[in-house]
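>>> Build the 3D model from these lines:
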Amino acid sequence: MEQDSGPFHPGEIEAQRRADVLKDAAATGSFIRGHMPDQHRDFFTRLPFLVVAAGDAEGRPWVSILEGPEGFVTSPDAHELRVASSLPPEDPLAAALRTGREIGILGIELATRRRNRLNGTVREAGDGFAIEVRQSFGNCPQYIRERNWRWGGGTSAGPATVSDRLNAEQQRRIMTADTFFIGSGQSSGQGRATDGFDASHRGGEPGFVRIAEDGWLNIPDYAGNKYFNTIGNLLRNPKVGLLFVDFRTGGMLHLTGRATIEWDVTNAHDPLAQRMIVVEVDKVVDRPAALSLRWEENETGRVRLKVVDKVRQSGGIMSVELADADGGDLAPFRAGEHLPISLTIPGQAGRVRRNYSLSGPPGAGTYRLAIKREGRGVASSFLHDVVGVGDTIEAGRPSGDFVLPEGDGPVVLVSAGVGITPVLSMLHALVAEQPARPVWFVHAARNSGEHAFAEEVERLVGNASQARLRVFYTAPLGENVASRPVVARGRLTAADLLDLEAGPEAQYMLCGPAGFLSDLQSGLVASGVPAGNVHYETFGPTG
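Modelled structure (predicted):
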């Protein structure tokens, strides 16, 4: 069912207004679709589990996990996901997977920090059920703790423990957790695409969820995609479901209750919180060893990196070059991938985790990040002002799926601002490995003072016979734009990209602010470029 009233319902719009991000959310609304892109369909079908949110017979939201062998999730077309699995009778959502019921789905790959979401309507089918998709969209990889999964042991045959309050052991598990899943929903009563349930992930440092003396949960809400799906739902319907998973034993602790939103977080226990979700628990279902899956934290991939160079690339962007602190070889990366880093910053409650795209050439022996200074950014200020050459930071393995498509067809690399970082790495790879592959490098910036890596890009393009460069400045600094044939004045549009005449087989790699990407992606597709040929990665203030 396609959207009939825009991608956001009144609760989401109200939350966006309260957070002063209405324009940002509106600019990126086209990324919420009434169908699944092929990339998302492939992603869901490779997963061993899905997080599901729905309501019970009394209308209370719950969250659970469906697991199954390889291939238990299939997608016959862009509007349907089929799941060959069911929930046991003791699961609070066992009776919810019936024809006509609303459901929210989160697909999450903890090892790579990828996640995509959808919601829709259930239809019973064969040995499981199908979901008719209403809305589908991706999520950024923030706050996801890396874990590797395995099948381990059987599930518990014992009965679930049901109560109306948390006991001491359950409270301990919650207050030491670094991950949980949240489910919420609302309905207009008019069958709109924005109706139904959402399943979402929440993560932080162990102990980021606090429990007050009255038993209420205090959950910090961090910066996210600015859609406010969960909080928007809760403004319309305060009922909420939570799921805390014991990743070591496969246990699931299900909670349902009522939530209120605290917008003033002056005295919050977490300085990174932008809002607080306060939950009064109504019912608890505790199911030890409910899952066959087990997870282990991916500590083997974590390394200490030493800063070997810092270079100011523009007024607000600093590049930081990193090498293995012990002199070893770094894990390889594909052009376009990002690096998860972990910082210990004085005054912060726990480690501050961020993901930054790698901007250097693959195989260089070092990792290079480009850090844009954010106004009140904790991590960016620390990296700009405190971290120096010789200091060390902790990082995980590079990952991501914004990478060059295989083949030798034309590639158009498009970026704005600090979005230049992953496509610059792609340019390095193309020039070194496929010098005969046609490539256009198109970048947008305010002016030459904010144009990072300009000389590096010009040098790379100059060394490749099949590479072309085009730059757009929206507010030139008095430079004679007309005297430079590769530079144009004005805003970069989809029409400008089509004017390159890269051909019908061209692959477009886009990176920049969400509004910029939304305009280009929709413009290209509307002009006949196949949607599968337009690849993008968004960014926003990360702090």
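>>> going forward, measure contacts between C-alpha atoms and count neighbours the same way
OK.
>>> In contact with residue 52: list those residues for me.
By C-alpha atoms under 8 Å, 6 or more residues apart in numbering, the contact list for residue 52 reads 63-66, 103-106, 183, 199.
>>> Now do the helices in the protein.
With DSSP state H as the criterion, the chain has helices at 10-18, 22-28, 38-45, 168-175, 229-236, 378-385, 420-433, 454-462, 494-498, 514-526.
>>> Looking at those helices, which is nearest to residue 442?
Proximity to residue 442 (C-alpha to C-alpha) singles out helix 494-498 among the helices of the chain, at 8.2 Å.
>>> Now do the closest one: which elements does it pack against?
Contact here means 3 or more C-alpha pairs under 8 Å, 6 or more residues apart in numbering; DSSP states H and E; on that basis helix 494-498 packs against helix 514-526.
>>> Could you tell me which residues within the helix it packs on count as buried?
514-524 (16 or more other C-alpha atoms under 10 Å).
>>> show me the contacts for the residue nearest to residue 297 when sequence neighbours are not counted.
Spatially, and ignoring its direct neighbours in sequence, residue 297 is nearest to residue 147 (4.3 Å; C-alpha to C-alpha, 6 or more residues apart in numbering). Neighbouring residues of residue 147 by C-alpha under 8 Å, 6+ apart: 110-111, 295-298.
>>> State the distance from residue 147 to residue 294.
10 Å (C-alpha to C-alpha, to the nearest Å).
>>> Residue 316 too?
43 Å.
>>> likewise residue 43?
20 Å.
>>> thinking again about what came up before, what is the nearest of the contacts of residue 52 to residue 261?
The closest of those, once distances to residue 261 are taken by C-alpha to C-alpha, is residue 183, at 15.1 Å.
>>> between the contacts of residue 147, which is nearest residue 240?
Nearest to residue 240 among the contacts of residue 147, with distances taken as C-alpha to C-alpha, is residue 110, at 23.3 Å.
>>> Number of residues surrounding the nearest residue to residue 16 once chain neighbours are set aside?
Closest residue in space to residue 16, ignoring its immediate chain neighbours: residue 22 at 5.1 Å, by C-alpha to C-alpha, 6+ apart. Neighbours of residue 22 under the rule other C-alpha atoms under 10 Å: 17.
>>> What of the one 10 residues further on?
For residue 32, the tally of surrounding residues (other C-alpha under 10 Å) stands at 20.
>>> what about it, distance to residue 165?
Taking C-alpha to C-alpha, one finds residue 32 at 37 Å from residue 165.
>>> residues in contact with residue 536?
Here residue 536 is in contact with 402, 509-511, 517 (C-alpha under 8 Å, 6+ apart).
>>> try residue 391
306-307.
>>> And residue 109, what's its pLDDT?
Predicted confidence (pLDDT) for residue 109: 92.
>>> I meant residue 70, not that one.
89.
>>> nearest residue to it other than its sequence neighbours?
residue 48 (6.3 Å).
>>> ok, now which ones touch the nearest residue to residue 80 once chain neighbours are set aside?
The shortest distance from residue 80 to any non-neighbouring residue, by C-alpha to C-alpha, 6+ apart, is to residue 132 (4.9 Å). For residue 132, the contact set (C-alpha under 8 Å, 6+ apart) comprises 1, 79-81, 120-123.
>>> again, only using 7 Å
The neighbours of residue 132, taking C-alpha atoms under 7 Å, 6 or more residues apart in numbering as the test, are 79-81, 120-122.
>>> Check residue 297 too.
With C-alpha under 7 Å, 6+ apart, residue 297 has these contacts: 146-148.
>>> any idea how far residue 412 is from residue 424?
Taken as C-alpha to C-alpha, the span from residue 412 to residue 424 is 12 Å.
>>> Also residue 274?
Distance from residue 274 to residue 424, by C-alpha to C-alpha: 33 Å.
>>> Tell me which of these two has more neighbours.
Per other C-alpha under 10 Å, whichever of residue 274 and residue 424 has more neighbours is residue 424, with 25 against 17.
>>> Could you chop this protein up by domain?
Domain assignment for the chain, taken from automatic domain parsing, gives 10-296, 297-395, 411-539.
>>> Pull the distance from the first one to the chain's centre.
Shown here is domain 10-296, whose average C-alpha point lies 14 Å from the average C-alpha point of the whole chain (C-alpha atoms, centre = their mean, to the nearest Å).
>>> now the second one
How far domain 297-395 lies from its chain's middle: 19 Å, per C-alpha atoms, centre = their mean.
>>> Quick one, grab the pLDDT at residue 282.
pLDDT, read off for residue 282, is 98.
>>> Oops, could you answer that again for residue 483 instead?
Predicted confidence (pLDDT) for residue 483: 63.
>>> Please apply the same query to the one 3 residues further on.
As predicted, residue 486 sits at a pLDDT of 86.
>>> so who does it touch?
469-471 are the contacts of residue 486 under C-alpha under 7 Å, 6+ apart.
>>> again with residue 271
By C-alpha under 7 Å, 6+ apart, the neighbours of residue 271 are residue 348.
>>> Phi, psi for it please.
phi -70, psi -20 (degrees, to the nearest 10).
>>> Please determine how far it is located from residue 144.
19 Å.
>>> you'd agree residue 343 is up against residue 353?
Yes: using C-alpha atoms under 7 Å, residue 343 makes contact with residue 353 at a distance of 6.3 Å.
>>> more crowded one of these two?
Legend: neighbour count by other C-alpha under 10 Å for residue 343 and residue 353, higher for residue 353 (21 against 18).
>>> partner residues bridging that one?
residue 342 (DSSP bridges).
>>> Against residue 135, how distant is it?
With C-alpha to C-alpha as the criterion, residue 353 and residue 135 are 29 Å apart.
>>> now residue 211
For residue 211 relative to residue 135 (C-alpha to C-alpha), the value is 33 Å.
>>> Who has more neighbours out of the two?
residue 135 (26 against 19).
>>> who does the more buried one bridge with?
Beta-bridge partners of residue 135, as defined by DSSP bridges: residue 119.
>>> Was I right to think it contacts residue 36?
No: here residue 135 lies out of contact with residue 36, judged by C-alpha under 7 Å, at a distance of 8.1 Å.
>>> from the contacts of residue 297, which ones fall inside strands?
147-148 (DSSP state E).
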